[in-house]
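> the sequence isn't on hand, but the structure is:
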Ligand code: ADP
Ligand code: MG
């Protein structure tokens with residue numbers, strides 16, 4: 001039989017927008033000692049603004065944005081949303097493939113258009129120039145670098161207080177991200193995170209979680225974009241916002257509907273209280 005205390009815990013959670021998919025996850029929340037965060041959409045808002053645009057000189061910045069948007073209209077990634085919004089109305093390429101953690105490739109007749117990270121372009125054999133700050137989306141057509149779009153988002157309002165509370169509670173705090181090291185390290189320093197690892201592909205996030213699980217009891221908190229597998233591998237996987245991909249909501253053990261990092265603290269507290277009642 002299922003102890004009654006679990007029903008109380010799950011009910012109390014759902015009233016606060018914290019959906020726990022089973023009593024065993026309340027137990028896991030009570031026992032975690034390591035909290036692993038995704039960056040984009042989890043600790044940061046995921047609402048990007050374009051901060052600069054550089055082209056190879058052949059195109060105007062508007063032409064570059066229009067080409068990028070024709071590819072990005074196929075994607076629900078937060079970077080895609082920002083670029084499409086800047087471009088306004090327009091057409092899409094019919095044949096677009098998403099490379100999770102890298103970006104996208106569009107097939108347009110004989111042409112191939114690549115939109116994504118510097119790492120993606122390097123994998124394809126293109127050398128691209130990095131710049132000062134921000135998250136970068138590069139655009140390459142066949143063998144030619146067309147330019148890059150630089151974007152930034154902001155920390156969520158309660159990210160700092162959440163990390164502070166976790167550190168005070170003795171938790172190990174870790175951030176894993178596919179974004180550039182300069183961006184990741186700035187966020188890590190601002191939040192006071194114990195550990196930051198950047199420029200990770202989705203499978204590398206999974207490997208990092210697998211290493212952490214050997215050392216302790218791990219909660220992974222993500223927004224569901226490119227991190228469904230990492231969510232599934234942690235002792236307890238939490239997805240923020242309930243707006244993530246269906247795959248991630250499916251892979252998550254707990255859904256934090258309000259999209260606020262401090263709900264993680266509430267979820268942990270719920271786990272602990274339930275444990276006191278059940279045991
Ligand atoms: P994070 O770990 O920060 O959530 P992702 O794994 O979703 O990041 O993406 C890592 C990087 O891959 C992004 O910073 C970006 O450079 C690139 N990327 C991923 N998806 C897209 C996309 N749809 N358009 C452009 N770039 C993308
Ligand atoms: Mg993400």
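Received, thanks. Here the structure is a predicted model, which is why all the values come from computation and not from measurement. Ligands and ions are numbered 1, 2, ... in the order given.

> only C-alpha atoms from now on, for both contacts and neighbour counts.
Will do.

> can you show me the strands along the stretch 101-250 of the chain?
When secondary structure is read from DSSP state E, counting those that start in this stretch, the stretch 101-250 of the chain shows strands at 103-108, 111-116, 135-141, 144-152, 172-176, 195-197, 218-222, 236-240.

> average pLDDT for the shortest one?
With pLDDT averaged residue by residue, strand 195-197 scores 98.

> again, but for the fourth one
When pLDDT is averaged over strand 144-152, the result is 96.

> what residues sit buried inside it?
145, 146, 147, 148, 149, 150, 151, 152 (16 or more other CA atoms under 10 Å).

> swap in the second one?
Under the neighbour-count criterion of 16+ other CA under 10 Å, strand 111-116 has 113, 114, 115, 116 buried.

> repeat that for the shortest one.
Neighbour-count burial for strand 195-197, counted by 16+ other CA under 10 Å, picks out 196, 197.

> any part of it near ligand 1?
No: Strand 195-197 lies out of reach of ligand 1 by CA under 6 Å from any ligand atom, never closer than 9.8 Å.

> can you tell me the strand partners of that strand and which way each runs?
strand 172-176 (parallel) (DSSP bridges).

> contacts for the strand it pairs with next, please.
With contact meaning CA atoms under 8 Å, 6 or more residues apart in numbering, strand 172-176 is reached by 33-39, 163, 166-167, 188, 193-198, 200, 205.

> buried set for that strand?
Within strand 172-176, the residues scored as buried using 16+ other CA under 10 Å are 172, 173, 174, 175, 176.

> filter the residues you listed down to the ones near ligand 1?
With CA under 6 Å from any ligand atom as the criterion, the buried residues of strand 172-176 include none near ligand 1.

> so which of the buried residues of strand 144-152 would you say is closest to residue 12?
Nearest to residue 12 out of these is residue 152 (CA to CA; 36.2 Å).

> hang on, the earlier thing: so how do I select the buried members of the contacts of strand 172-176 in PyMOL?
Under the burial definition 16+ other CA under 10 Å, those of these that qualify are selected in PyMOL by:
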select buried, resi 33+34+35+36+37+38+39+163+166+188+193+196+197+198+200+205
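
> give the contact list for residue 158.
With CA under 8 Å, 6+ apart, residue 158 has these contacts: 260, 261, 262.

> show me the residues you listed that map onto helices.
Under the assignment DSSP state H, those contribute nothing to helices.

> minimum pLDDT in those, which residue is that?
residue 260 (91).

> what residues does the protein put near ligand 1?
Residues of the chain lying close to ligand 1 (CA under 6 Å from any ligand atom) are 38-40, 75, 77, 79-80, 101-103, 115-117, 135-137, 177-179, 225-226.

> neighbours of the closest residue to ligand 2 within the stretch 151-279 of the chain, how many?
Residue nearest to ligand 2 within the stretch 151-279 of the chain (CA to the ion): residue 225, separated by 4.4 Å. When neighbours are counted by other CA atoms under 10 Å, residue 225 registers 23.

> quick check: pLDDT value at it.
Predicted confidence (pLDDT) for residue 225: 81.

> so it sits against residue 77, correct?
Yes: counting by CA atoms under 8 Å, residue 225 touches residue 77, with 6.9 Å between them.

> now residue 103. Nearest residue, chain neighbours left out?
Nearest non-adjacent residue to residue 103, counting by CA to CA, 6 or more residues apart in numbering: residue 116, 4.0 Å away.

> do a quick rundown of the helices in the stretch 1-150 of the chain.
4-15, 23-31, 61-72, 78-87, 118-123 (DSSP state H, counting those that start in this stretch).

> for those helices, which one sits closest to residue 270?
Closest approach to residue 270 among the helices of the stretch 1-150 of the chain is made by helix 4-15 (6.1 Å; CA to CA).

> and the closest one, what does it pack onto?
The helices and strands touching helix 4-15, judged by 3 or more CA pairs under 8 Å, 6 or more residues apart in numbering; DSSP states H and E, are strand 18-20, helix 23-31, helix 263-278.

> and among these, the most buried is which?
Among the helices and strands packed on helix 4-15, ranked by average contacts under mean count of other CA atoms under 10 Å, first place goes to strand 18-20 (a mean of 23).

> cool, thanks, signing off.
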